[in-house]
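Trainee: no sequence for this one, just the structure:
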């Protein structure tokens, strides 16, 4: 079987914003085996997209480019760089000696646009090479697993960098307000974020779901009343499952990474100037000042303004 390899060796949010591009490739090359070069822990999420046949483990520190992509057998017929805009990521794919190479840094590729939304960016790359892809094609199927807390409001206070973490005490206050309003509230965390989850949940006696595997996290979110989260992978998972969400932005504009503009998703962001796209450092070691401008009362009002979610266990509307 001919093979097509895609490099996207980043995080969960990065994978989910690339789903429209992956599905475009799947439709364009139905007879190919589509292999995704990405961190091994994303295997379950990659399978859930319905576009990836197998994950090839590949990773690098931070958001760097893997120096080597493990490969065996014949050279791939196609290699697609959905990782970055420079020669470094193309070099990792070029080492596999593919029949055809796609990427922004390729001499025959399109120009990189700094102010483009992440979903649109990769679909435009493929369109340049004659592969149509729809940036709105983000949905994942609702998991068959039952939710441990159907109808709950899920708070996810974690993020890869402190710059994108709304303070724990504000998440804790939000949880208490929502619980007082009659909501069941569950605090989730990622690996290594157990202490953060405790600081959010303990003051109000909130439930916790510490570092659930992808399937259980997806089941919890799919059947949630709403999700309140920063600019991180869980926000994109809520979008992919059609769950109402409130997303808190700070150093980077939602124009680049935000959810679709529908009533089901509310973005809270207070830039210094309306046209700012990257006013702060998304990898900074202190909460971004724009993120700190979001108040607890504002987040409570945003949750209250969300439309109802679907029935527990049922498919959510788009």
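Mentor: Good, I have the coordinates. This one's a predicted model, so the numbers in the text were calculated from it and none came from an experiment.
Trainee: what ranges does the stretch 101-250 of the chain have for its strands?
Mentor: 153-156, 185-189, 207-210, 226-230, 245-248 (DSSP state E, counting those that start in this stretch).
Trainee: now tabulate these in JSON lines and tack on mean pLDDT.
Mentor: Shown next, in JSON lines, are the strands of the stretch 101-250 of the chain (pLDDT from 0 to 100):
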{"stretch": "strand 153-156", "mean pLDDT": "98"}
{"stretch": "strand 185-189", "mean pLDDT": "98"}
{"stretch": "strand 207-210", "mean pLDDT": "97"}
{"stretch": "strand 226-230", "mean pLDDT": "98"}
{"stretch": "strand 245-248", "mean pLDDT": "98"}
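Trainee: could you dump those into TSV with distance to residue 217 and mean neighbour count added?
Mentor: Bear in mind the C-beta positions are built from the backbone N, C-alpha and C, glycine included. As requested, the strands of the stretch 101-250 of the chain are exported to TSV (distance: least, C-beta to C-beta, whole Å; neighbours: other C-beta atoms under 10 Å):
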stretch	distance to residue 217	mean neighbour count
strand 153-156	9	27
strand 185-189	7	25
strand 207-210	8	16
strand 226-230	11	28
strand 245-248	14	27
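Trainee: quick one: low-confidence ranges for the stretch 151-300 of the chain?
Mentor: Scanning the stretch 151-300 of the chain for pLDDT under 70 picks out nothing.
Trainee: do you have the helices of it handy? List them.
Mentor: Under the criterion DSSP state H, counting those that start in this stretch, the stretch 151-300 of the chain contains helices at 168-180, 194-201, 214-222, 233-241, 254-257, 289-292, 296-304.
Trainee: name the residues that touch the fifth one?
Mentor: Contact with helix 254-257 is made by 13, 17, 115-118, 231, 247, 249, 267, 269, 277-278, as judged by C-beta atoms under 8 Å, 6 or more residues apart in numbering.
Trainee: Serialize these to CSV and add fields for distance to residue 141.
Mentor: Converted to CSV, the contacts of helix 254-257 look like this (distance: C-beta to C-beta, whole Å):
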residue, distance to residue 141
13, 19
17, 18
115, 32
116, 28
117, 24
118, 22
231, 25
247, 22
249, 28
267, 25
269, 30
277, 33
278, 33
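Trainee: tell me the one of the residues you listed nearest residue 143?
Mentor: residue 13 (18.4 Å; C-beta to C-beta).
Trainee: elements contacting the helix or strand the closest one falls within?
Mentor: Residue 13 belongs to helix 12-17 when assigned by DSSP states H and E. Helices and strands touching helix 12-17, by 3 or more C-beta pairs under 8 Å, 6 or more residues apart in numbering; DSSP states H and E, are helix 43-48, helix 118-128, helix 233-241.
Trainee: the next helix or strand along the chain from it to helix 233-241, inter-axis angle?
Mentor: Next helix or strand after helix 12-17 toward the C-terminus (DSSP H and E): helix 19-28. Here helix 19-28 runs at an angle of 50 degrees relative to helix 233-241 (axes from the mean of the first three to the mean of the last three C-alpha atoms, to 10 degrees).
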